[in-house]
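Visitor: I would like the atomic coordinates for the input below:
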Amino acid sequence: MRLDALRRLLPLALLPASMCCGAAPHIPADGGQVVERLPSRTDPVQRELLRLRAELSRRPGDLGLAATLARRYIEQARIEGDPRYLGYAEAALAPWWKQNQPPEQVLVLRATLRQSTHQFGAALADLDLAVKRDSDNVQAWLTRATVQMVTGDLAAARGSCMRLYSRAPALVVQTCLSSVGSISGDAAASYRRLLELQARRPPDTPDIGIWVQTLLAEMAARAGDAAAAEGHFRKALALGRPDSYLLGAWADFLLDHGRAPEVARLLKDKTRVDALLLRYALALTAMKSPEAAAQTAALGARFDAAQLRGDTVHRREQARFELALRGNAAAAVRLAKANWAVQKEPADLRILADCALASGDLDAARLVRDWLRTSRIEDRRIAATAARLRVPA
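Guide: Okay, the predicted model is just below:
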């Protein structure tokens, strides 16, 4: 695959269903309050987006231009965690958005945007059509694998990764396969293969490097190797501007190891993203900061507003909020079970296990036990929690 094509590929493939994006509307109490500082028009990225948008306004039927603008918006959504960019991307594709048989690149872009709002079935339908039309579409196979992993269809995800052989660089193929293997009973070998391959064939772009190092960090953390995990996280952070997923994963690692002050410093100016505000509030609470109550209340208002809108994308974060910040185990386990019905990443299993233990909910405990057995996922923290669950035979 050509390098320029790979640069277009990764921002889409790495848009995480679990972290992007979301923030409820905020109404300031004081008309003079600064709500947000908008990006400067002198910023190179913003200048490029303005230029592309102006061109598309003049040529709204130019598919190539619309797709380029949509990809750039998706990339910014991944980096900044700002959901408005996803709306802008959809608007760029408006002439083709509602078509049953849109052009192939629209299918993949639409699937990417749909999976970001947990419309996983619709996303997979688009991707299935895309690969039926073109079995060499790397973007479609990689996005398909991502959606299948998120929804817990690990065998299908492995199959999608396998279809990348001879179509994508070896490091991309192995990263995809290691993502699946690390949560389906092949953790140690998956880590070793990816570690060895990235040493022999260093990533061609910062995006790929961040993807690889973040995955290695998460695998090491699940195995209980904190030193290796921290090393990988720091390498990922050093490769460029960290996206919201990397910031959230690093913050979770720090919180797990009692390093709340570092989390507070890391996220103080990044709280517009709900998932990052959650971690900031958790850090402040652990520090017994006087600011913790205000940040917890702000996050609660966001979740309440989302519930009124019927927005269910952030149930995992809301379950964690109810359990750790409100101490409401009954509400937390309801949210964790509803979230588990939709997505099944390791973080989803972890909050489900935590809520099952805190609430004594037998159904949640069974879900945890059954997934541990069928998926064969290896995670020391989840296993330790699961060992304390009382699950009738």
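
Visitor: what about this structure, any weak spots by pLDDT?
Guide: 1-42, 393 (pLDDT under 70).

Visitor: and the helices in the stretch 51-200 of the chain?
Guide: 63-80, 84-92, 94-97, 104-116, 120-133, 138-150, 154-162, 170-181, 187-200 (DSSP state H, counting those that start in this stretch).

Visitor: I'd like the ones you listed written out as JSON lines, with distance to Pro206 and mean neighbour count added.
Guide: Every C-beta, even on glycine, is put in place using the N, C-alpha and C of the backbone. Listed next are those as JSON lines, based on distance: least, Cβ to Cβ, whole Å; neighbours: other Cβ atoms under 10 Å:
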{"stretch": "helix 63-80", "distance to Pro206": "11", "mean neighbour count": "22"}
{"stretch": "helix 84-92", "distance to Pro206": "19", "mean neighbour count": "19"}
{"stretch": "helix 94-97", "distance to Pro206": "31", "mean neighbour count": "14"}
{"stretch": "helix 104-116", "distance to Pro206": "20", "mean neighbour count": "25"}
{"stretch": "helix 120-133", "distance to Pro206": "26", "mean neighbour count": "19"}
{"stretch": "helix 138-150", "distance to Pro206": "18", "mean neighbour count": "25"}
{"stretch": "helix 154-162", "distance to Pro206": "22", "mean neighbour count": "19"}
{"stretch": "helix 170-181", "distance to Pro206": "13", "mean neighbour count": "22"}
{"stretch": "helix 187-200", "distance to Pro206": "13", "mean neighbour count": "16"}
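
Visitor: who touches Trp96 in this structure?
Guide: Residues near Trp96 by Cβ atoms under 8 Å, 6 or more residues apart in numbering: Leu63, Ala66, Pro102, Pro103, Val106.

Visitor: where's the first one relative to Gln99, distance?
Guide: Meaning Leu63. To Gln99, Leu63 is 12 Å away according to Cβ to Cβ, to the nearest Å.

Visitor: any shared contact partners between these two?
Guide: Val106.

Visitor: just to revisit the earlier point, and Ala384, which of the helices of the stretch 51-200 of the chain is closest to it?
Guide: helix 187-200 (15.8 Å; Cβ to Cβ).

Visitor: where does that closest one sit relative to the chain's centre, distance-wise?
Guide: Relative to its chain's centre, helix 187-200 lies at 22 Å (Cα atoms, centre = their mean, to the nearest Å).

Visitor: which helices and strands sit right next to that helix?
Guide: helix 170-181, helix 206-223 (3 or more Cβ pairs under 8 Å, 6 or more residues apart in numbering; DSSP states H and E).

Visitor: ok so, going back, which of the contacts of Trp96 sit farthest apart?
Guide: Within these, Ala66 and Pro102 form the most distant pair, 11.0 Å apart (Cβ to Cβ).

Visitor: about what we covered before: of all the helices and strands packed on helix 187-200, which one is nearest Ala111?
Guide: Per Cβ to Cβ, nearest to Ala111 of the helices and strands packed on helix 187-200: helix 170-181, 16.3 Å.

Visitor: on contacts alone, who are the packing partners of that closest one?
Guide: helix 138-150, helix 154-162, helix 187-200, helix 206-223.

Visitor: so which of those helices comes closest to Leu277?
Guide: helix 206-223 (20.6 Å).

Visitor: please identify the buried residues of the closest one?
Guide: Buried residues in helix 206-223, counted by 16 or more other Cβ atoms under 10 Å: 207-223.

Visitor: just checking, Phe233 touches Asp252?
Guide: No: applying Cβ atoms under 8 Å, one finds Phe233 not in contact with Asp252, separated by 10.2 Å.

Visitor: quick one: stretch 140-154 to chain centroid distance?
Guide: 13 Å.

Visitor: whoops, I mixed them up, stretch 265-273
Guide: Here stretch 265-273 is found 17 Å from its chain centre; the criterion is Cα atoms, centre = their mean.

Visitor: one more: stretch 160-171?
Guide: Using Cα atoms, centre = their mean, the offset of stretch 160-171 from its chain centre is 22 Å.

Visitor: which other residues reach that stretch?
Guide: 1, 6, 131, 135-136, 138, 141-142, 144-145, 148, 172-173, 176-177, 179-180, 197-198, 201, 203-204, 208, 212.
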